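**Student:** Provide a 3D model corresponding to the input given below.
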Amino acid sequence: MKGVIMFNKTSSLDFLKYGEVFTDYTRNKSIHQNNYVLNATSDTITYFLKASEDIYLKVLDGIALLVITENPENKEYDEFVIHRIIKINKGFYFNFVPLGKISKIELAFINGCRIENVFLNQEYTYQRILPTLHINELIAYYYNVRNHHYSFQGESIKYWEITYVDSGTLYTTIEGKEYVLHSNDLMIYAPDQFHRQRTEDNPCSYLSIIIDMDIDLEAQKESLMNHIFKIGREAKAALDLFVQGSSTDGEHSNLLMFEALNRIVYELMTSNNEEVVKVASTPMQQNFENELLNEILLYINENVFSDFNNVEELCQRFGLSRSSLQNLFNNNLNIAPKRYILNTKLNKSKELIRESKYTISEISNLLGFSSIHYFSRRFKQEYNISPTEYANKIYKSK
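**Tutor:** So this is what the prediction gives:
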């Protein structure tokens, strides 16, 4: 957790210049017979409290932030989450902000203690940690297979639309400007943005995700618009997570898809496209520094037309133990080697189906699947559509 800035608590050493902290053995009892309960309800402080004697306090309900300073004029305030019973030494200026909707703080002091209100020249406002991105609803999602010379005359809708090119080349025109998206490119259409789509000599398949999304910061909106994103590892993993959620009927599938969508949008907002780790020409092969992994990925893709489908062969060929190979894939690709091999074969099967040169049975044999039934079952598990249905969809689009 090095480098992470956390909240300070009153039990930290930084608080000792203002007072002391005590172990709270009497959580449900008053600190002092003559006490006063203060309700903190606002994020804004317009005045500080200043006590003529030491004052004791603890939180009775909720979580409270203590804002304290030696001199309110310098506007350099320290903030502490109140933890345990604390004593604030006399002469300091302080007040409270609820972390949450409301906090109740009990103050205790000796008879004769005077507490004055010292109004600030400029009010203090606590900046709450709130999301600036709200995905309200997943409207629809489609996997589109477009034949060569496809042309969509265009539309504009009131939602955000994510377009991720899985294979081929997609030409899209947004408000009169044309963009060319290749495999592993992504683009977002903003609400009410008129856009067209077309293909040229080759077919194209792409994922469309339509979402109702609110973005509070204008700069974040602009970072998503009129821009082709070259998808790197993190965004690709999030897209895979979305597909996984969409193919699952479990009670948590919606949570999985929304988690993935938030991650996708975050990765796009924070990406520096010139520095994104690019995806190489072979499926999912990354330009990793680890040359060994690159060699393994190349070998898998070069041998996709074979019955090669197990990790033992990789271990023997590259002199690795099974656990070392698993770690290499999991750490860099977030996927097991056996699953990567299967995905590579399934991706290749889609290409072969789109070419319409082979039957489903022939494709199963070409890619080394043990049977057409096993191939069909794996294909449907991955893409939520059978190979035959996928082929029919392509045929109808011609």
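**Student:** Report the residue ranges of every domain in this protein.
**Tutor:** In terms of domains, the chain is parsed into 13-125, 133-270, 291-397 (source: automatic domain parsing).
**Student:** Output those domains in a markdown table; the columns should cover mean pLDDT, mean neighbour count and distance to residue 6.
**Tutor:** Glycine gets a C-beta too; all of them are placed from N, C-alpha and C. Output for the domains of the chain, formatted as a markdown table (pLDDT from 0 to 100; neighbours: other CB atoms under 10 Å; distance: least, CB to CB, whole Å):
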| stretch | mean pLDDT | mean neighbour count | distance to residue 6 |
| --- | --- | --- | --- |
| domain 13-125 | 87 | 16 | 10 |
| domain 133-270 | 89 | 17 | 21 |
| domain 291-397 | 85 | 16 | 27 |
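**Student:** Distance to residue 7 for the ones you listed - can I get that in a markdown table?
**Tutor:** As requested, the domains of the chain are arranged in a markdown table below (distance: least, CB to CB, whole Å):
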| stretch | distance to residue 7 |
| --- | --- |
| domain 13-125 | 5 |
| domain 133-270 | 22 |
| domain 291-397 | 31 |
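**Student:** What backbone torsions are found at the residue positioned nearest the centre of the chain?
**Tutor:** In the chain, the residue lying closest to the centroid (CA atoms, centre = their mean) is residue 263, at 2.0 Å. Residue 263 adopts backbone torsions of phi -70, psi -40, taken as degrees, to the nearest 10.
**Student:** How about residue 376?
**Tutor:** Per-residue torsions, residue 376: phi -60, psi -40 (degrees, to the nearest 10).
**Student:** Which residues are in contact with it?
**Tutor:** Contact analysis of residue 376 by CB atoms under 8 Å, 6 or more residues apart in numbering lists 360, 364, 386-388.
**Student:** Equivalent analysis for residue 310, please.
**Tutor:** Neighbouring residues of residue 310 by CB under 8 Å, 6+ apart: 338, 341.
**Student:** Name the nearest residue to the residue of the chain most remote from its centre, ignoring sequence neighbours.
**Tutor:** Using CA atoms, centre = their mean, the residue of the chain lying farthest from its centre is residue 112. It sits 55.3 Å away. With sequence-adjacent residues excluded and distances taken as CB to CB, 6 or more residues apart in numbering, residue 112 is closest to residue 53, at 7.4 Å.
**Student:** isn't there a helix covering the one you found?
**Tutor:** No - according to DSSP: H, G, I helix; E, B strand; the rest coil, the state of residue 53 is coil, so it is not within a helix.
**Student:** so it sits right up against residue 109, yeah?
**Tutor:** Yes - between residue 53 and residue 109 there is a contact under CB atoms under 8 Å: 5.9 Å.
**Student:** if we can go back for a sec, the contacts of residue 376 in strands, which ones?
**Tutor:** Using DSSP state E, no member of the contacts of residue 376 falls within strands.
**Student:** Please report how far the residue lying closest to the residue nearest to the centre of the chain once chain neighbours are set aside lies from residue 221.
**Tutor:** Of all residues not flanking residue 263 in the chain, residue 238 sits nearest, at 3.9 Å (CB to CB, 6+ apart). Distance of residue 238 to residue 221, computed by CB to CB, to the nearest Å: 20 Å.
**Student:** helix or strand for residue 79, which one?
**Tutor:** Assigned by DSSP states H and E, residue 79 belongs to strand 78-81.
**Student:** Just the CA atoms of the helix or strand following that strand, as PDB, please.
**Tutor:** The helix or strand immediately downstream of strand 78-81 is strand 85-88, counting by DSSP H and E. Provided in PDB are the C-alpha atoms of strand 85-88 (Å, rounded to 0.1, in the frame of the first residue of the first chain):
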ATOM      1  CA  ILE A  85     -12.300   8.700  23.400                       C
ATOM      2  CA  ILE A  86     -10.200  11.800  22.800                       C
ATOM      3  CA  LYS A  87      -9.100  14.900  24.700                       C
ATOM      4  CA  ILE A  88      -8.600  18.100  22.900                       C
END
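**Student:** So what are the sheet partners of strand 85-88 and their directions?
**Tutor:** Sheet pairing here is set by DSSP bridges, and for strand 85-88 it gives strand 19-22 (antiparallel), strand 55-61 (antiparallel).
**Student:** ok, and what's touching the shortest one?
**Tutor:** Contacting residues not belonging to strand 19-22 are listed as 10-11, 15, 54, 83-89, 92 [CB under 8 Å, 6+ apart].
**Student:** Other residues contacting the strand holding residue 79?
**Tutor:** Contacts for strand 78-81 (CB under 8 Å, 6+ apart): 7-10, 12, 14-15, 18, 63-69, 99.
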